[in-house]
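Enquirer: any chance you could fold what I've pasted below:
(chains A and B)
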Amino acid sequence: MSGAPGRYELPSLSYRRRLTNAAAGAIFAVAALIALIPLALVIYYLISRGAGAWSKDFFTTDPTGNFLGDPGGVKSALLGTITMVALASALAIPVGIGVALYLVEYGRGSRFAALVRYFVDVMTGVPSIVFGLFIYVTLVLGGVLGSSFAGWKGSVALALLMLPVVTRSAEVVLSLVPDALREAALALGAPRWRVVLRVVLPSALPGLVTGSLLAVARGAGETAPLIFTATIVNATTFNLNSRMNSLPAQIYNDIGQPSDLLIERAWGAALALVSLILLTTLVARLVSARSRLGA
Amino acid sequence: MGVASPAAPRKQRAGFQQSLRGRIADPLFRLVLTGLAGLVLVILIFFFVFLISKARPALAHEGVIDFVFRNDWSPGTNVFRAWPLLVGTLITAATALVIGVPVAVTTAVFIAEYAPRRLAAALTILTELLAAVPSIVYGLWGALVLIPELLTTQQSLSDRLSFMPFVGGMVAGPSYFLAGLILAIMILPIVCAISREVIQTVPTESKEAAMALGATRWEVVRSVILPYSRAGIVGASMLGMGRAVGETIAVVLVIGNSPMIGHSIFDQGYTLASVIVNEFGEAAGDDLKSGALIAAGLVLFVLTLLINGVARALVMRAERRRFRDNHVVASDGVTL
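Expert: Numbering: from 1, shown residues only, chains lettered A, B, ... in the order given. Okay, the predicted model is just below:
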């Protein structure tokens, strides 16, 4: 990579410096390649071992609970994951965006806002298992609403995990909305709440959608909090106040089983889970890419 | 709002101020949002207080210092001293950093400084995909693929490197090393992404100045980019460490779950997070046992709090410096 041709010839680099430079470049490129190896390996194993498990029955039958013979499919796990993540999103996304709105619209420079922001940061770092443990101790052992393990308790645990992700991404996006827009609306006589609902939120919408979808993707892959709160069952149910199956919990359960069919189902379920999450991530990226083109 | 004449909005506004809705809506809206923000504080405080109160039976049984710093985790005889778990957590996290950080940081440098724009974009997306793979899938892959496939590799590493401390002896399969390897993969995306962002904040003027002095690309990286972004990269690594410390499911499947401190990193072990998921089933209904697991969760929480606190301070300092530098440039522009 030589620069533009000039009249002055730079003295040529010493052999040692040229060699070091080339070696460093090569090492950086190799490191980038190494970083991709695990991704390639994981995807390879997921497809080569999991795709064989996929069939119509795989998605349309519940696990039978049999160790020998037909283990059944993952219908209850798939539907349970979707149900619980949907409820968790319904809890976490409005609250998360609300907190971000407070931070950006009302809390600029206030002590209380700084404290809230700090707590959101702390929440981001809390290991998922600790949230699971918290919900287990409060809601499950406490027998809230007359159930011990229940789907909605799993959703609450997931919502606690998703909340800081939603808030932090929403805060960034909302603070990018130009103040001129807010001032223009206020100058037209619009009250503050109307400015927020009609001007700030719509202009930040694509970014909010992206951040929320990434939080959904994060929630869908969590295992530890669900094992504590919604646990594992075979039958499909939409009763959120009863035990509910989920893909991660089903996989966790199947890994330890001494049966090739169950292991195969674990791979198939893992492939399904990863596909679901990648799809969500992809949609999130497309939304953000489109908004960038529009801007 | 159809604005017909200049008088209309003023009239409308006056109407608003007099109407109940106009007077109440704004404070109400503000109150609701403030309430949501307050909810975060309340949840987290409740969370902390509740965990402490539930951990109390075990902490009172052992004493806080003994619980954390003494080496004996024997749930069978109701002795709960979490030192082996804490040590296991730190060993696996340290292994993850040793393996993961060099790869992550060099990848970040490659993406930010070497790769052409398209390749950089592709690499950014691919490393982010690594973060989208859920931990249960890494656990599945680790338990069913890596443990059998890497058994001989681990054994030969253990034999060849036995001159080093904490290496050597028979390899069983699940080990601190394997858990660290999986954690290294899991923290790679976050360390790489934050390092990249920090590296991109190095002022172009500094890089160009070094190049104008005849520095090669590598010399620019070594003498300008790395020193400038060192604090940020350390912060990024510590954020990765915070992630590694709290990771549960992937670790519980590959670490062997043995409550003794191993003699080598190829021995089996236990971590704070994996003990919770592994033993909570037996602890139900037993205040002491479940208290011990909750206390383990509390230790884990405090540990991540410390690590993340230091990490955030470092990353923020790195970013503030960028702000200050930009500011200097701007004010120079003004004086000219």
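Enquirer: only C-alpha atoms from now on, for both contacts and neighbour counts.
Expert: OK.
Enquirer: for the stretch 51-200 of chain A, which residues are neighbours of chain B?
Expert: Listed as neighbours of chain B in the stretch 51-200 of chain A under the rule Cα under 8 Å from any Cα of the partner chain: A:95, A:98-99, A:101-103, A:106, A:113, A:116, A:119-120, A:122-123, A:125-130, A:133-134, A:137, A:188-193.
Enquirer: among the residues you listed, name the buried ones.
Expert: A:95, A:98-99, A:101-103, A:113, A:116, A:119-120, A:122-123, A:125-130, A:133-134, A:137, A:189-193 (16 or more other Cα atoms under 10 Å in any protein chain shown).
Enquirer: so of the residues you listed, which ones are in helices?
Expert: Among these, the members falling in helices (DSSP state H) are A:95, A:98-99, A:101, A:113, A:116, A:119-120, A:122-123, A:125, A:128-130, A:133-134, A:192-193.
Enquirer: which residue packs closest to B:Ala25, ignoring adjacent ones?
Expert: With sequence-adjacent residues excluded and distances taken as Cα to Cα, 6 or more residues apart in numbering or on different chains, B:Ala25 is closest to A:Trp193, at 7.2 Å.
Enquirer: so who does the one you found touch?
Expert: Applying Cα atoms under 8 Å, 6 or more residues apart in numbering or on different chains, we find A:Trp193 in contact with B:Ala25, B:Asp26, B:Phe29, B:Arg30.
Enquirer: so which strand or helix has the first one?
Expert: Right, B:Ala25. Using DSSP states H and E, B:Ala25 sits in helix B:20-62.
Enquirer: for that helix, name the packing helices and strands.
Expert: Counting contacts by 3 or more Cα pairs under 8 Å, 6 or more residues apart in numbering or on different chains; DSSP states H and E, helix B:20-62 is packed against helix A:75-101, helix A:111-125, helix A:128-135, helix A:192-195, helix B:7-18, strand B:79-82, helix B:287-335.
Enquirer: can you list those in a markdown table and add mean pLDDT?
Expert: Output for those, formatted as a markdown table (pLDDT from 0 to 100):
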| stretch | mean pLDDT |
| --- | --- |
| helix A:75-101 | 91 |
| helix A:111-125 | 87 |
| helix A:128-135 | 88 |
| helix A:192-195 | 86 |
| helix B:7-18 | 60 |
| strand B:79-82 | 80 |
| helix B:287-335 | 72 |
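Enquirer: just tell me which of these ends up closest to B:Ala37.
Expert: For B:Ala37, the closest of the helices and strands packed on helix B:20-62 is helix A:75-101, at 4.8 Å, according to Cα to Cα.
Enquirer: report the buried residues of the closest one.
Expert: By neighbour count on 16+ other Cα under 10 Å, the buried set for helix A:75-101 is A:75-89, A:91-101.
Enquirer: can you give the distance of it from its chain's centre?
Expert: Here helix A:75-101 shows a centroid-to-chain-centroid distance of 11 Å under the convention Cα atoms, centre = their mean, to the nearest Å.
Enquirer: that one packs against which elements?
Expert: In terms of contacts (3+ Cα pairs under 8 Å, 6+ apart), helix A:75-101 is packed against helix A:56-60, helix A:151-176, helix A:201-220, helix A:247-255, helix B:20-62.
Enquirer: hmm, try it at 7 Å
Expert: Here helix A:75-101 touches helix A:151-176, helix A:201-220, helix A:247-255, helix B:20-62, going by 3 or more Cα pairs under 7 Å, 6 or more residues apart in numbering or on different chains; DSSP states H and E.
Enquirer: so which of these gets nearest B:Ile185?
Expert: Of these, nearest to B:Ile185 by Cα to Cα is helix A:201-220, at 16.8 Å.
Enquirer: mean confidence for the closest one?
Expert: The pLDDT scores in helix A:201-220 average 87.
Enquirer: over to stretch B:100-119?
Expert: The pLDDT scores in stretch B:100-119 average 92.
Enquirer: again, but for stretch A:62-72
Expert: Computed over stretch A:62-72, the mean pLDDT rounds to 75.
Enquirer: how far away is B:Thr92 from A:Leu78?
Expert: For B:Thr92, the distance to A:Leu78 (Cα to Cα, to the nearest Å) stands at 32 Å.
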